[in-house]
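>>> Below is the sequence, then the predicted model.
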Amino acid sequence: MEETISLKDIFQTIKKRLFLIGLITIIAVAISGIISYFVLTPIYQSSTQILVNQSKNEQQVFDVNQVRTNVEMINTYSVIIKSPTILGKVAENLKLDKTTDQLNSQVTVNSEQNSQVFTITVEDPDPAMAVKIANNLADTFQKEIPEIMSIDNVSVLSKAALKENPSPINPKPFLNMAIALVVGLMAGVGLAFLFEYLDNTIKNEQDIEALLGLPVLGVIPKITVGDEKAPINTASRARMGSGTLES
C-alpha cells in the first residue's frame, strides 16, 4: 500500500517536533559561536604593492613591448618572492622562529590582469608582525632581484601599514553562526522526520484505518481515575433513592 504525505502532515510533524528542532539549532549556533570566539586563533592580513617598471635606461621612451615583457615576468617574480632564498633572508632579518615552508604558507602573491603591479599579502596571528613581514619581504625582494635576474626595474609602490583597530580576516563569527543556524535547522528538521518515520505507534483512528485497511465503527473514550470517582448527579441519586424505597 502506497503511503502519501500531504503538506498538512509535514507541518504537523514540524509543529510536533518544534522543540527538538529549536534545541538542535540553538546548540549548533552556540557551539559555532564558542569555537569562533574562544577556540580559533584570529588571523590578520597585511599587504604591500610592488611595481614592475621599465628598465632605468629606457625611462625616457615608452616601449609597449617592454611593458608587455614586464607583465609576463610577474609570474616569475611571484615564484622568486616565495622562494627559500628570499623567505630565508626575511626570517633572518626579523629573527622569526619559523621555517621557510611555514613562512611560505603565510604569503600570497596576486597580480591584476595586464597590470605591472602585484600585491604581496601576508597573514599572521599578530597584526604588527604581518605588517613587518610584508614590508621586509618587499624590501628584501627589491634588494635581491638585481643579483638574481640582473634587472633594476622593481620598486615598492606602497608599504603595508598597521591600522589603529585591525580586524581579523578569520574567523568570521557572524558568518559561521549564520551557517550553523542553517545547518542546525536542516539537521533538526531531518531528525524530526526521521523520528516520525520510525514511530510506528497507533495514535488515532486514521492510523488504524491505514494499518488494517478497515473502517472504524466506533471509539471508546478513555476513562480516567477522576471520571470513576466523579460524584453522582442529583437525578441519579433520586432514581437510586426511589428504587431503594420501592424495594
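Looks like it came in fine. Numbering: from 1, shown residues only.

>>> which residues touch stretch 25-32?
173, 176-177, 179-181, 183-185, 187-188 (Cβ atoms under 8 Å, 6 or more residues apart in numbering). Glycine gets a C-beta too; all of them are placed from N, C-alpha and C.

>>> buried stuff in that stretch?
Residues 25, 28-29, 32 are the ones in stretch 25-32 that count as buried (16 or more other Cβ atoms under 10 Å).

>>> mind listing which of those residues are in helices?
The helices, defined by DSSP state H, take in 25, 28-29, 32 from the buried residues of stretch 25-32.

>>> Using PDB, list the CA coordinates for stretch 16-23.
Only the C-alpha atoms of stretch 16-23 are listed here, as PDB (Å, rounded to 0.1, in the frame of the first residue of the first chain):
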ATOM      1  CA  LYS A  16       5.100  18.300  16.900                       C
ATOM      2  CA  ARG A  17       8.900  18.300  16.900                       C
ATOM      3  CA  LEU A  18       9.400  22.100  17.100                       C
ATOM      4  CA  PHE A  19      11.200  21.900  20.500                       C
ATOM      5  CA  LEU A  20      13.700  19.400  19.100                       C
ATOM      6  CA  ILE A  21      14.300  21.500  16.000                       C
ATOM      7  CA  GLY A  22      14.800  24.600  18.100                       C
ATOM      8  CA  LEU A  23      17.100  22.900  20.600                       C
END
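
>>> Report the buried residues of it.
For stretch 16-23, burial by neighbour count (16+ other Cβ under 10 Å) applies to 17, 21.

>>> same question, stretch 213-229
So, applying 16+ other Cβ under 10 Å, stretch 213-229 has no buried residues.

>>> What is the nearest of the buried residues of stretch 25-32 to residue 137?
Distance to residue 137 across the buried residues of stretch 25-32 (Cβ to Cβ) is lowest for residue 32, with 34.4 Å.

>>> Check the secondary structure at the closest residue to that closest one other than its chain neighbours for me.
Nearest non-adjacent residue to residue 32, counting by Cβ to Cβ, 6 or more residues apart in numbering: residue 180, 3.5 Å away. Under DSSP: H, G, I helix; E, B strand; the rest coil, residue 180 falls in the helix class.

>>> separation between residue 180 and residue 191?
Here the criterion is Cβ to Cβ, to the nearest Å. By it, residue 180 lies 16 Å from residue 191.

>>> More neighbours: which of these two?
For residue 180 versus residue 191, the count of surrounding residues by other Cβ atoms under 10 Å is larger for residue 180: 22 against 14.

>>> who's in contact with the more buried one?
28-29, 31-33.

>>> Which member of those residues is positioned nearest residue 120?
Using Cβ to Cβ, these come closest to residue 120 at residue 32, 32.4 Å.

>>> And that closest one, how far from residue 157?
Separation of residue 32 from residue 157 (Cβ to Cβ): 39 Å.

>>> again, but for residue 79
20 Å.

>>> Determine how far the helix or strand hosting residue 131 lies from the middle of the whole chain.
Here residue 131 sits within helix 127-149, counting by DSSP states H and E. How far helix 127-149 lies from its chain's middle: 33 Å, per Cα atoms, centre = their mean, to the nearest Å.

>>> Show me what that helix packs onto, helices and strands only.
For helix 127-149, the packing partners by 3 or more Cβ pairs under 8 Å, 6 or more residues apart in numbering; DSSP states H and E come out as strand 44-52, helix 64-81, helix 84-94, strand 117-124, strand 154-158.
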